[in-house]
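A.B. asks: Sharing a model prediction with you, sequence too.
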Amino acid sequence: MARIVSLADGIAELVHDGDEVALEGFTHLIPVAAGQEIIRQGRRDLTLVRMTPDIVYDQLIGAGCARKLVFSWGGNPGVGSLHRFRDAVTHAWPVPLELVEHSHAGMANRYVAGASGLPFAILRGYAGTDLPTVTETIKFVTCPFTGERLAAVPALNPDVTVIHAQRADRAGNVQLWGITGMQKEAVLAAKRSLVTVEEVVDELTPVPGGVVLPGWAVTAVAPAPRGAHPSYAHGFYERDNDYYKQWDAISKDRDAFTGWLGDLVGSAR
């Protein structure tokens, strides 16, 4: 059964220096509060994994938490580039950042393989692209039945996966709905997992199209109201578009970002 903990205690217990960490969420339910708590606690040398890293990964990279990024697309959705990400890649500021780039399909299949206990996944992909020439974790195999040439990618098994969901019950069963992306697979593939939630309730009410992660599959649950802000949480609050626009200006300038970072870290005191 998953334990109910505070967000600060959950990050302190489950996220360690040098870990491979996946913070998954697609369009909504992005675990921003958890990512910012990782920054506050000063984690370093992380391998960050995510299908679509956006501003919370920009923040983690700019804060010097990451040494490697495993991803399939990165940007400030609807606005533009991730400037702290760009600065780390082009100028090694604040620290150098190693990149491992895949396609969306490749990343999704890697999570599925990890969740299934398989060593790798096979897909029809990467043909005609340059990614196999720069990404060592893309290989090609021949189907023993048809002779077809297929791409193979290794399973993803993060040390810890962090996601955000709408709610959990007191036994640690988690319920999320809306656009769910690869959260379920990322949790099942991980050695440890932390789920932040909008609320903890006595009983989960069925929701059409909802995903339930049983308490035995989750390490810990942390109440974090508005923990996905500025992304949205379906049924709870809408996307804060102004935040994404403001982040573009903050992240473009190192001094502005350093000031934002000082305010964030100081807010824990």
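C.D. replies: In hand now; what should we look at?
A.B. asks: in terms of contact, does residue 173 touch residue 204 like I think?
C.D. replies: Yes: assessed by Cβ atoms under 8 Å, residue 173 is found in contact with residue 204 at 6.1 Å. Placement of C-beta: from N, CA and C, glycine included.
A.B. asks: center of the chain, which residue is that?
C.D. replies: For the chain, the residue sitting closest to the mean C-alpha position, by Cα atoms, centre = their mean, is residue 23 at 2.0 Å.
A.B. asks: what packs against the helix or strand where residue 21 lies?
C.D. replies: For residue 21, the element it lies in under DSSP states H and E is strand 20-23. The helices and strands touching strand 20-23, judged by 3 or more Cβ pairs under 8 Å, 6 or more residues apart in numbering; DSSP states H and E, are helix 32-40, strand 46-50, strand 160-169.
A.B. asks: What pairs with it, parallel or antiparallel?
C.D. replies: Each strand paired with strand 20-23, and its direction, by DSSP bridges: strand 46-50 (parallel), strand 160-169 (parallel).
A.B. asks: Give me the pLDDT value at the residue nearest to the centre of the chain.
C.D. replies: Reading off the confidence values, residue 23 has pLDDT 98.
A.B. asks: cool, residue 269 as well?
C.D. replies: Value for residue 269, per-residue pLDDT: 50.
A.B. asks: For the stretch 51-200 of the chain, which segments are assigned as strands?
C.D. replies: 66-71, 98-101, 120-123, 139-142, 149-154, 160-169, 174-176, 192-201 (DSSP state E, counting those that start in this stretch).
A.B. asks: Other residues contacting the last one?
C.D. replies: For strand 192-201, contacts defined as Cβ atoms under 8 Å, 6 or more residues apart in numbering pick out 2, 4, 7, 10-11, 14-15, 31, 33-34, 159-170, 174, 187, 213, 217-227, 233, 236.
A.B. asks: are any of those buried, and which?
C.D. replies: For the contacts of strand 192-201, a burial check counting by 16 or more other Cβ atoms under 10 Å picks out 2, 4, 7, 10-11, 14-15, 31, 33-34, 159-169, 174, 187, 213, 217-224, 227, 233, 236.
A.B. asks: shaky segments in the stretch 151-269 of the chain?
C.D. replies: The model of the stretch 151-269 of the chain has pLDDT under 70 over residues 268-269.
A.B. asks: 80 instead?
C.D. replies: Applying pLDDT under 80 to the stretch 151-269 of the chain flags the ranges 267-269.
A.B. asks: which residues in it form helices?
C.D. replies: Using DSSP state H, counting those that start in this stretch, the helices of the stretch 151-269 of the chain run over 183-189, 241-252, 254-266.
A.B. asks: The stretch 1-150 of the chain: helices as residue ranges?
C.D. replies: Using DSSP H, counting those that start in this stretch, helices in the stretch 1-150 of the chain cover 7-14, 32-40, 55-62, 83-91, 104-116, 131-134.
A.B. asks: Run through who's touching the third one.
C.D. replies: What that stands for is helix 55-62. Helix 55-62 is contacted from outside by 23, 30-32, 35-36, 38-39, 46, 48, 50, 66, 69, 71, 74, 76, 82-85, 87-88, 94, 97, 230, 244, 247, 251, 257, 261, 264, using Cβ under 8 Å, 6+ apart.
A.B. asks: Show me just the buried residues among the residues you listed.
C.D. replies: Buried among the contacts of helix 55-62 (16+ other Cβ under 10 Å): 23, 30-32, 35-36, 38-39, 46, 48, 50, 66, 69, 71, 74, 76, 82-85, 87-88, 94, 97, 230, 244, 247, 251, 257, 261.
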